[in-house]
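>>> got a structure for you, letters missing:
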DNA sequence: TTCCTAAACCTACGGCGTAGGTTTCGCTGG
DNA sequence: CCAGCGAAACCTACGCCGTAGGTTTAGGAA
């Protein structure tokens, strides 16, 4: 890397740092991510980054914020059907996870209270209440949904673009049930599997609504 | 720490290392965990650990294995009702997560193919098939269940014994639905909330079973 | 023109994981 | 009884890491 004279501007700004950070995590993973690596990527002294971002933790926050923003407008112009909104949100969230499998563990681990996350929740929650779902269900449902989404996508993206580890074989003597079902798991991580599971979760919300009515 | 002469035995063994590692992560968290720290805790040279465990990654594997073993015999002597098995497994899993909130992110992030995990799954899956659930549902259901468990417990333990961050307040103008439901979220992370959500998931599995019949 | 500030760079520190080498204890075969 | 050998410990050293604190300079404000 060509060195820069001391007072010379490197033209750094937050936006540039943000996209470089996302690209770096996408390419090399969280393990390798660091201030020095990112600085090298940008052709800049590591310490220069501290003028724009507080430190490594703040950099990771920025990365989260960036990928979460991609999922923001999933329900733009959708009907007011809460189930349709839930489906679109879930799909949009999954698409993001597939685009950034190495960033996703960061999202699932941290509590999401950023405006974009809250806005998406608000859209879903208000549609549910509008449809007459009891508050109890409308409050629990999004938690179940995002619990499932985070857990499943964490497993099915496997923290990398190689996708999840293939389901192993099971000894049919000690694990007869597992061995019998193994063929059903060959599509682990696929869109079809995701849709089936999402159906189960939404079925649950609907059933719970019916019960409490 | 008192130094030991070079050939003197420190009486290290895998079991001792394992429990010390779990205790260290429980106390100080994953961030601070490291070979040197653990060695200091054991009153031992860092390099001595390498005689028993391959390295840091293997240490974390050992920690996972240890806490997962705690959840092994949750369904000992349970009836063959798949729903009861699912409930017991879920509760036992949650108890473990609450006991080791700082270890849990490790579990949720890695694919679980260890014998104890497979055994627990086998118990659930075979009960489902015995009860006449279609293979399609019996295959999907555990994935939904553990997806939900991992995602929700990750969020509700918040990676530390302080529990999750309290749900923030919402501006009732921009987020009317969220603001209205906020009182319902004050028990976030509680056992009651967990049971309600588990009910929703099990409702979903039951509903899906009914539909495919 | 002069000065100030923002943004860059440089140096240095303590901590990390771990590769490779050295020392000593305790067992075991002769 | 003792030679030798392997296991288990220790020590040194290397190259990373995050970042605190200091220095330099370009460019705008007075």
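Ah, there it is. This one's a predicted model, so the numbers in the text were calculated from it and none came from an experiment. Numbers count the residues shown, from 1 in each chain, chains lettered A, B, ... in the order given.
>>> buried set for stretch A:80-96?
By 16 or more other CB atoms under 10 Å in any protein chain shown, the buried positions in stretch A:80-96 come out as A:82, A:85, A:86, A:87, A:88, A:89, A:90, A:91, A:92, A:93, A:94, A:96. C-betas here are computed from N, CA, C, even on glycine.
>>> show me chain A divided up by domain.
Taking automatic domain parsing as the reference, chain A has its domains at A:14-67, A:72-212.
>>> does DNA strand C sit close to the shortest one?
Yes. When contact is scored as CB under 7 Å from any atom of the strand, part of domain A:14-67 falls within range of DNA strand C: A:44, A:45, A:47, A:48, A:51, A:52.
>>> just the buried ones from the residues you listed, in ChimeraX syntax?
Applying 16+ other CB under 10 Å to the residues of domain A:14-67 next to DNA strand C, the buried members can be selected in ChimeraX as follows:
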select /A:44,45,52
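>>> in helices, which of the residues of domain A:14-67 next to DNA strand C appear?
Assigned to helices by DSSP state H, none of those qualify.
>>> now for the residues of domain A:14-67 next to DNA strand C: which two are most distant?
Farthest apart among those by CB to CB are A:45 and A:52. That separation is 12.5 Å.
>>> out of the buried residues of stretch A:80-96, which is nearest to DNA strand D?
residue A:96 (24.2 Å; CB to the nearest atom of the strand).
>>> touching, that closest one and residue A:74? I think so.
No. Applying CB atoms under 8 Å, one finds residue A:96 not in contact with residue A:74, separated by 9.2 Å.
>>> which residue ranges of chain A form helices?
A:14-32, A:35-42, A:56-69, A:82-99, A:104-109, A:115-130, A:135-157, A:176-181, A:191-212.
>>> in a markdown table: these, plus distance to DNA strand D and mean pLDDT.
What follows is those, written out as a markdown table (distance: least, CB to the nearest atom of the strand, whole Å; pLDDT from 0 to 100):
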| stretch | distance to DNA strand D | mean pLDDT |
| --- | --- | --- |
| helix A:14-32 | 7 | 94 |
| helix A:35-42 | 4 | 94 |
| helix A:56-69 | 4 | 94 |
| helix A:82-99 | 23 | 97 |
| helix A:104-109 | 14 | 94 |
| helix A:115-130 | 25 | 93 |
| helix A:135-157 | 23 | 97 |
| helix A:176-181 | 36 | 97 |
| helix A:191-212 | 33 | 97 |
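>>> most neighbours per residue, which of the ones you listed?
Highest mean neighbour count of these: helix A:135-157, a mean of 23 (counted as mean count of other CB atoms under 10 Å in any protein chain shown).
>>> that one near chain B anywhere?
Yes. Counting by CB under 8 Å from any CB of the partner chain, chain B has neighbours in helix A:135-157: A:135-136, A:138-141, A:143-144, A:146-152, A:154-155.
>>> just stretch A:21-36 next, same as before
No. Against chain B, stretch A:21-36 shows no contacts by CB under 8 Å from any CB, the least distance being 10.1 Å.
>>> kindly report the same for stretch A:96-116.
Yes. Looking at stretch A:96-116 against chain B by CB under 8 Å from any CB, the contacts come from A:105, A:108, A:109, A:111, A:113.
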